[in-house]
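K.L.:
sequence? don't have it. structure:
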C-alpha cells in the first residue's frame, strides 16, 4: 500500500509548493542535504548550461516554472551502440517510436552523447509530446526547428540547437533508465525543476521532503540578510547574524 508521501495527490501538492521557489533556492537546499564523496564537486542538482530553447522573445516573456517527475530516454552513438542490451521493459519495441511512449505529467529527460552535433528533438517530437500531456523536455544535447518548437508551446530546455536530424548520429538505447545530464545523474521519478530564469535543477526523489522543509528557513535567512545589508550592515556581519 502506498504511503502518503507517494500518493499522487500528495506529490502534486509538493510540486505546487516547489513552484513558489527559484532553482537557486532548490540548489541552496541540496547543497546542504546531498552527501558528496571526497574529491567530488558539489553540483546541488544543477544541470549546467541547460537553458530554455527557443529563448524568450522579449525580456517579459520568461515562461512558468515547471516541477514534475522525470521520465528518461538514453541515446547512444549510431555507429557504436553498447554491446549490452537494456532490460526488455526499458526498450522501445520494434515498430514503435519513443515519443509515442512518453508519459503525461512528466519532464522527458534525454541523454544525448557528448559532442554530437545533431538534434535529439525537433518540431514533430515536440508536438507529439505536447499532445501526450508531457510537462516539459530537458535535452542534454541539441534541438532543432525553432519556430515549430515555439509553436508547440512545450517547455524545452537544452544545451544548444542544430539543423541536423537525430538519425545522423544517434539511436535510442532505452527509456526510463538512469541517465547523466552535464554530469548530474537523473533517475526516473526524480523531480525536475525547470526555472526559465535560473536554469534546471534535479531533486533526487528521496530528498524532496527534506528540500521542501529546508528551503523556507534558508529563504527567510537570506531575506533577513538582504534587509540588514540594505540598512547598512556589512555582508560579513549579516552572514554571522543570520546564517550561523
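P.N.:
Here it is on my side, so go on. Bear in mind the structure is a predicted one, so any value in this text is a computation, not a measurement.

K.L.:
neighbours of residue 81, just the number please.
P.N.:
The local packing of residue 81 (other C-beta atoms under 10 Å) involves 14 other residues. Every C-beta, even on glycine, is put in place using the N, C-alpha and C of the backbone.

K.L.:
Could you double-check that it sits in contact with residue 173?
P.N.:
Yes: counting by C-beta atoms under 8 Å, residue 81 does reach residue 173; the two are 6.7 Å apart.

K.L.:
and residue 150, what does it touch?
P.N.:
residue 54 (C-beta atoms under 8 Å, 6 or more residues apart in numbering).

K.L.:
and residue 127, that one's in a helix?
P.N.:
Yes: Residue 127: assigned to a helix according to DSSP: H, G, I helix; E, B strand; the rest coil.

K.L.:
Identify the residues contacting the residue nearest to it when sequence neighbours are not counted.
P.N.:
Residue nearest to residue 127 in three dimensions, not counting chain neighbours: residue 152, with 4.9 Å by C-beta to C-beta, 6 or more residues apart in numbering. Contact analysis of residue 152 by C-beta under 8 Å, 6+ apart lists 123, 126, 127, 129, 130.

K.L.:
what about the first one, distance to residue 240?
P.N.:
Just to be clear, that refers to residue 123. Residue 123 is 53 Å from residue 240, where distance means C-beta to C-beta, to the nearest Å.

K.L.:
the more surrounded of these two?
P.N.:
Between residue 123 and residue 240, counted using other C-beta under 10 Å, the more crowded position is residue 123 (18 against 11).

K.L.:
So for the closest residue in space to the more buried one that isn't next to it in sequence, what's the pLDDT?
P.N.:
Leaving aside its sequence neighbours, residue 123 sits nearest to residue 148 (C-beta to C-beta, 6+ apart; 2.7 Å). pLDDT recorded at residue 148 is 97.

K.L.:
where's the host helix or strand of residue 148 relative to the chain centroid, distance-wise?
P.N.:
Using DSSP states H and E, residue 148 sits within helix 146-152. Distance, stretch centre to chain centre, for helix 146-152: 20 Å (C-alpha atoms, centre = their mean, to the nearest Å).
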